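A.B. asks: Make a model of this:
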Amino acid sequence: LIPNTVSKMTLWSLQQPDEFYDESKNQKTFGGGIWNMLASELQFTSEQKKTLLGMRHGIRAQRRNVAECLRILKELESRVGSNFDSMQRQMDMVMSTITPTQQA
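C.D. replies: Numbers count the residues shown, from 1 in each chain. Next up, the predicted model:
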């Protein structure tokens, strides 16, 4: 399941520091902002904004979990590769020890 662009943008926006969500400051300082635009484009209600902002901690934790899973997978890939290399060397030694007739 791959999130669409709007979902990715929403998840990214929920990673930002608190001032990112200050809509009045963004409007006054920048004439808007990504959060303002996202909230407007998706027509978030005040309750939806509050709920989404309340999810920020959990989303950050989930991103850390995903990063850790990817790190573990990379380590596993490395270990599996090392194991296959070791097995190949051992089999090469076995095959070089026995005669061609014994290999068949």
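
A.B. asks: Where does the prediction get shaky in the chain?
C.D. replies: Within the chain, the segments meeting pLDDT under 70 span 1-2.

A.B. asks: Would you state the helices of it in chain order?
C.D. replies: Taking DSSP state H as the criterion, the chain contains helices spanning 5-13, 23-30, 34-41, 46-54, 56-97, 100-103.

A.B. asks: what would the ones you listed look like in a markdown table with mean neighbour count?
C.D. replies: Where C-beta positions appear, they are placed from N, C-alpha and C, glycine not excepted. Formatted as a markdown table, these follow (neighbours: other CB atoms under 10 Å):
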| stretch | mean neighbour count |
| --- | --- |
| helix 5-13 | 13 |
| helix 23-30 | 12 |
| helix 34-41 | 16 |
| helix 46-54 | 12 |
| helix 56-97 | 10 |
| helix 100-103 | 8 |
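
A.B. asks: I'd say Met95 and Gln102 touch.
C.D. replies: No - counting by CB atoms under 8 Å, Met95 sits too far from Gln102 to count as a contact (9.3 Å).

A.B. asks: Report the distance from stretch 4-22 to the chain centre.
C.D. replies: In terms of CA atoms, centre = their mean, to the nearest Å, the centre of stretch 4-22 is found 15 Å from the chain centre.

A.B. asks: got the CA coordinates for it in PDB?
C.D. replies: Extracted C-alpha coordinates of stretch 4-22, given in PDB (Å, rounded to 0.1, in the frame of the first residue of the first chain):
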ATOM      1  CA  ASN A   4      -0.700   9.000  -2.700                       C
ATOM      2  CA  THR A   5       1.000  12.400  -3.000                       C
ATOM      3  CA  VAL A   6      -1.500  14.200  -0.800                       C
ATOM      4  CA  SER A   7      -1.100  11.600   1.900                       C
ATOM      5  CA  LYS A   8       2.700  11.800   1.700                       C
ATOM      6  CA  MET A   9       2.500  15.600   2.000                       C
ATOM      7  CA  THR A  10       0.200  15.300   5.000                       C
ATOM      8  CA  LEU A  11       2.500  12.900   6.700                       C
ATOM      9  CA  TRP A  12       5.500  15.100   5.900                       C
ATOM     10  CA  SER A  13       3.700  18.100   7.300                       C
ATOM     11  CA  LEU A  14       3.000  16.300  10.500                       C
ATOM     12  CA  GLN A  15       6.700  16.000  11.100                       C
ATOM     13  CA  GLN A  16       7.300  19.700  11.300                       C
ATOM     14  CA  PRO A  17       8.000  21.900  14.400                       C
ATOM     15  CA  ASP A  18       5.100  23.700  16.200                       C
ATOM     16  CA  GLU A  19       5.500  27.000  14.400                       C
ATOM     17  CA  PHE A  20       4.800  25.300  11.100                       C
ATOM     18  CA  TYR A  21       1.200  25.000  12.200                       C
ATOM     19  CA  ASP A  22       0.600  28.600  13.300                       C
END
